[in-house]
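Student: Take a look and give me a structure for this.
(2 chains)
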Amino acid sequence: MGPFLITVAIGAIMVVLFLALSWASRRRASQSHHRLEDALKHLFDLEYRGRHGSLASLTGALRVRDGATLDLVKRMQTQGLLVARGAEFDLTPQGERLALQVIRAHRLLERYFADEARLPLPQVHAAAERGEHHLSPDAADRLSASLGHPSVDPHGDPIPTREGFVPPASGTPATAWPMDRLARIVHLEDEPPISYAQLVAAGIEVGQVIRIIDSSPERMVLTDGENEFRLAPAVAANIFLESAPPPPAHPCALRLAELSTGQAAHVLGLDDRCQGYSRRRLMDLGFTAGATIRAALTTFAGDPRAYEIRGTLVALRREQASQVLVQPLEKAS
Amino acid sequence: MSSSNAAAVLQRAAELRSTLSGQFRDETVKSIYAEAERIAGRASHHAGTARYDFDQRIDRIVTSPIFGLPIMALLLAIVFWLTVAGANVPSAMLASGFFWFEDQAAAVFTNAGAPWWLTGFIWHGVFRGLAWVVSVMLPPMMIFFPLFTMLEDLGYLPRVAFNLDFLFSRAGAHGKQALTMAMGFGCNAAGIISTRVIDSPRERLVAILTNNFVPCNGRFPTLILLATIFVGPLVSGAVASIAAAGTVVGVVLIGVVVTLAVSWMLSRTVLKGQASAFTLELPPYRRPGILRILYTSIIDRTLFVLWRAVLTAAPAGAVIWLLANIFVGDVSLARHISNALNPLGHAIGLDGVILLAYIIAIPANEIVVPTLLMVYLGTGMMTDDVSLEEIKRLLVTEHGWTLLTAVNLMLFSLLHNPCATTIITMYKETLSLKWTVVGTLLPLSLAFLVTFIVASIW
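Tutor: Numbers count the residues shown, from 1 in each chain, chains lettered A, B, ... in the order given. Model (predicted):
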């Protein structure tokens, strides 16, 4: 029994070792491929905003050693993805095409994670960062179709089309925006993550209509009419604005969750933050502007509540009901 | 149109799309609803609101903060009681009928000069496995599914989901999971099929992957047997049966807690990237259609589940017979394997025979106890016509079972991997090998972990 067992044990160990080694080498290969795609993305982002990449910017963006960046740049040059003009790097058309593929995958995934999976916004970027390298162009097309061909990601960046068309950059940084003029946030720069996290934590979102009410070298103060946001100018520079028409006024608009039980209301619409699968479900059930709705039933826990709409009862949790804007009718008896 | 022309059109469409505001989808839906309302208003008119007011009165009672939960508990208790109380007699009748037939058929074979192994394999192996599963599963399903379908048809079940949603929302699950769990008491495979009522992909996966933590009626006999033999005698006379029943209820409650805990964990880790949204429609109450109830509960649910169980139970019966009747040296294969499994079994407070029974019983959990008794008694076929006293003597004095063995066996039975029918159903419903593997191995490793911890701190 002894020799036999030992043979089996050695055999098992060798199989495990072989599997581990092949896994590690495959992992290293895919890691270097990911790094190349990240470099393409970084260079394209800079060119899109009218700047140029350099060895230093690449090293910083990829968080690697200088030597690794040099190797990477050499590899990209031999593959015909990149040309160096002095210290500056430019993408070749081939490099640009690949970069757009990765960016398309990244932004579609961000849309998916934010809208369908309802991941908190600060987690969306990191999740897409992991998934983007594994999404083939065909899979990206299918994802795009299933999302209804969205045109911008949750940060307001345009999603390149399959053909590689991407509309020119728009928006002015908040630091260059005049005081007291209404503006809609069209883009929040998600790099560096630290300042993006600050923006999200402050409650700033794409689509919000804001005004700058105070600006000094130490601090900028923005308001959306309800809350004031105090930001360092370096952080505020990551907010990109466009002029906005004054928002339609709904003097006594409420969120559906705030409607008291038994009260009736008209639906005004769904919050812009409610996107994707949740939005489609609510629209399918008839939560469209103009419909009459009444808070009918409540459980002993107070959540969920059932609402009467278009002759049926639909139960919503507080989270969903907060995304429906309503205009209360006169108090029901 | 030439292809360059088409490309230009597509290019133009892509450019225009980027200038389109996100509102156009809302506008589309709104205009569809407006048109539908216009047509409906022209084609139909409402004759009073009496029916509707009646519905509302019922709703106010069954979802009321005070009566809602008690009414629900009472209705479910009645359904379970009818199932358990009503199934015993037909189960026993079916079993004795099948076993009588088995004896006759075996006698015919022997008289015709068939070799003993052929008779044994076909009648005491394959047929007995089948007979066992059918007689244990069929009667409770024939009672439970029609009752449950009736509550569903009435429109009451969505109200249960509404009442219980507060529990499930905290676990990242959907209130309707309460219904799929209730269905799981009848059969986990049927419970998994019933998750189709959950329209949100993430919550549906949660419900599929955790349905196994509700003990199905194939596992209840094991729980009841153990509670009666080991927990009952701990207290004196009259309260013994109450203590036993309480233990079974306790195990079920542990199952519910585990379901919620695993749901919570899954929806925050591996299922984080799945789409999710909560809506729950509360349809109007309807008079149940008896024919439709019988059709859905018997054809769609009972026969469907039974057929899959039969497909897996027959080979299991064959394997059991072979293991018990092939001898290496002068010990049966079953004994050899259980001896090899003994160290692992002891580590989790069980023994090798129990693990062997669970491996053989992967196709159908009903045959765990018969297989256990078969191996312990050393007979060549599954046995169950042994009295409780004999079983207790056999387990405790001859094979050293303690209260720990009983507790851990109950826990293992509650948590271990789903049966083959359920695994196949899981694959058919998710069409994903990944989720099927997760749904199989997660409970199994949880079962080993929990029983190991209990055995270590006992």
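
Student: for the most centrally placed residue in chain B, what are its contacts?
Tutor: Centroid-nearest residue in chain B: residue B:188, 1.7 Å away (criterion: Cα atoms, centre = their mean). Residues in contact with residue B:188 (Cβ atoms under 8 Å, 6 or more residues apart in numbering or on different chains) are B:211-212, B:214, B:216, B:418-419, B:422. Every C-beta, even on glycine, is put in place using the N, C-alpha and C of the backbone.

Student: if you count residues, which helix in chain A comes out on top?
Tutor: The helix of greatest length in chain A, counted in residues with DSSP state H as the criterion, is given as helix A:2-48.

Student: Run through the neighbouring helices and strands of that one.
Tutor: For helix A:2-48, the contact count by 3 or more Cβ pairs under 8 Å, 6 or more residues apart in numbering or on different chains; DSSP states H and E identifies strand A:53-54, helix A:55-62, helix A:66-78, strand A:88-91, helix A:93-115 as packing neighbours.

Student: ok, so what distance separates the residue nearest to the centre of chain B from chain A?
Tutor: Residue B:188 sits 26 Å away from chain A when distances are taken as Cβ to the nearest Cβ, to the nearest Å.

Student: Distance check, that residue against residue A:85.
Tutor: Plainly put, residue B:188 is 66 Å away from residue A:85 if you go by Cβ to Cβ, to the nearest Å.

Student: same question, residue B:335
Tutor: With distances taken as Cβ to Cβ, residue B:335 is found 80 Å from residue A:85.

Student: These two: which is more packed in?
Tutor: A direct count of neighbours by other Cβ atoms under 10 Å in any protein chain shown for residue B:335 and residue A:85 places residue B:335 higher, at 20 against 8.

Student: wait, what's in contact with the more buried one?
Tutor: By Cβ under 8 Å, 6+ apart, the contact set of residue B:335 is B:375, B:378.

Student: Would you pull up how far the helix or strand hosting it lies from the middle of the chain?
Tutor: Using DSSP states H and E, residue B:335 sits in helix B:333-347. Centre-to-centre, helix B:333-347 and its host chain are 28 Å apart (Cα atoms, centre = their mean, to the nearest Å).

Student: Likewise for stretch B:161-172?
Tutor: Using Cα atoms, centre = their mean, the distance between the centre of stretch B:161-172 and that of its chain works out at 20 Å.

Student: what about the residue in the stretch 51-200 of chain A that chain B sits nearest to, neighbour count?
Tutor: With Cβ to the nearest Cβ, the shortest gap between the stretch 51-200 of chain A and chain B falls at residue A:116, namely 3.7 Å. Using other Cβ under 10 Å as the criterion, residue A:116 is surrounded by 23 other residues.

Student: For the residue lying closest to it once chain neighbours are set aside, grab phi and psi.
Tutor: The shortest distance from residue A:116 to any residue that is not its chain neighbour, by Cβ to Cβ, 6 or more residues apart in numbering or on different chains, is 3.7 Å, and that residue is residue B:275. Geometry field for residue B:275 lists phi and psi as phi -70, psi 150, criterion degrees, to the nearest 10.

Student: Pass me the low-pLDDT residue ranges in the chain, would you?
Tutor: Defaulting to chain A. Low-confidence segments of chain A (pLDDT under 70): A:1-5, A:191, A:245-251, A:331-333.

Student: my question was about chain B
Tutor: Along chain B, the model assigns pLDDT under 70 to residues B:1-2, B:17-22, B:48-49, B:383-386.

Student: residues contacting the residue of the stretch 51-200 of chain A closest to chain B?
Tutor: Under the criterion of Cβ under 8 Å, 6+ apart, the neighbours of residue A:116 are A:147, A:276-277, B:275-276.

Student: Widest-spaced pair of the contacts of residue B:188?
Tutor: For the contacts of residue B:188, with distances taken as Cβ to Cβ, the pair at the greatest spread is B:214 and B:419 (13.0 Å).

Student: With neighbour numbers in mind, choose between these two.
Tutor: Under the criterion of other Cβ under 10 Å, the comparison of residue B:214 against residue B:419 puts residue B:419 first, with 27 against 22.

Student: In contact with that one, which residues are there?
Tutor: Contacts were defined as Cβ under 8 Å, 6+ apart; by that measure residue B:419 touches B:188-189, B:218, B:312, B:361-365.

Student: Drop anything exposed from these.
Tutor: The neighbour count (16 or more other Cβ atoms under 10 Å in any protein chain shown) marks B:188-189, B:218, B:312, B:361-365 as buried among the contacts of residue B:419.

Student: ok, which pair from those is furthest apart?
Tutor: Based on Cβ to Cβ, the longest span within those runs between B:189 and B:361 and measures 15.1 Å.

Student: circling back to that earlier point, quick one, which of the helices and strands packed on helix A:2-48 is packed in tightest?
Tutor: Neighbour counts averaged per stretch over the helices and strands packed on helix A:2-48 are highest for helix A:93-115, at a mean of 22; criterion: mean count of other Cβ atoms under 10 Å in any protein chain shown.
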